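> predicted model and sequence below, questions to follow.
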Amino acid sequence: MDESACPYCGMAHPGSLSWTQSLSGLFSNPEKTVRVIIIVNAAMFILSLLLNPSRAGLSMNPFAFLSPDHRSLVLLGETGAIPIGQWGRWWTLITASYLHGGVLHILFNMMALKQIAPLIFHEYGFSRLAAIYTLGGALGFFVSYLAGIPFTIGASASVCSLIGSALYYGKSRGGAYGEAIYSQLGGWVLGIFAFGFLMPGINNWGHGGGLLGGVLLGFLLGYREKRPESIGHVLLGWLCVVGTVAALGWGTITGLLLAFSSMGG
């Protein structure tokens, strides 16, 4: 629209807001929101494989099949005690949530995301979902950093944050609906930690930190029935989105530059 004012509402230069409306449309419902997150995760996974395809895992072991080279993951933003403590790469607290160590790793995390994210979207709204997913995941990785985990990646800390916020919602709301959510997701939590203790290499510190972060954020931010969405929620949510884009962009650009410079050397 190039009109100076909307003929219906009188808004000046309505076309100037079209880009913000289009951007908001990407996250206007849970299906679109989940789709965007999955696409970003898939794109980063493919990039991590392409960064050093000769070292990508082609093992018949399903847990190691199509596993990116560890150096590629470090370049793109793997987090942990070494990247943060020794290299000062604090931005990896965000980027690590979008990196995965194999096909099954990303598949399981995205399946869990697809199941839990629509509930959080419905009860908290997009802005608070973005904050819970981003900040809760970063808190999970920060806890694992404090625990001395040298390297870690995966969306599971962020997914556990969503689960934590859902547990808080279910317990706080109560009633048959709230209790059903709390009971079902409580079983999820037991399964997650049982699997983590049985399988080597699982970052239980990240899972626990993300879970507690989700509970805390659910309490602080509130859910729709308890606290209507405010401008503060919107600003925090979009700050998390912009921060994630910036961190992933920085990790991708610097990772590619370092990879290509080492090839040239």
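The structure has been received and is ready for your questions.
> show me what counts as buried in the strand or helix carrying L49.
Per DSSP states H and E, L49 falls inside helix 30-50. Using 16 or more other CB atoms under 10 Å as the test for burial, helix 30-50 gives 30, 33-34, 37-38, 41, 44-45, 47-49. From N, CA and C alone the C-beta is placed, and that goes for glycine too.
> which residues touch it?
25-27, 56, 66, 68-69, 72-73, 76, 98-100, 106, 109-110, 113-114, 117-118, 121-122, 126, 129, 133, 155, 248, 252 (CB atoms under 8 Å, 6 or more residues apart in numbering).
> go on, stretch 219-239?
Identification of contacts with stretch 219-239 by CB under 8 Å, 6+ apart yields 123-132, 168-169, 172-173.
> circling back: next one: the helix holding L49 to chain centre, how far?
Per CA atoms, centre = their mean, to the nearest Å, the displacement of helix 30-50 from the mean C-alpha position of its chain is 10 Å.
> what is the mean pLDDT for that helix?
The pLDDT scores in helix 30-50 average 95.
> buried residues, the helix or strand just after it. List them.
Remark: after helix 30-50, the chain's next helix or strand is helix 70-76, criterion DSSP H and E. Of all the residues in helix 70-76, those buried under the rule 16+ other CB under 10 Å are 71-76.
> picking that back up, between the buried residues of helix 30-50, which is nearest W90?
Ranked by distance to W90 (CB to CB), these are led by M44 at 18.6 Å.
> tell me the spacing between the closest one and E225.
Separation of M44 from E225 (CB to CB, to the nearest Å) stands at 35 Å.
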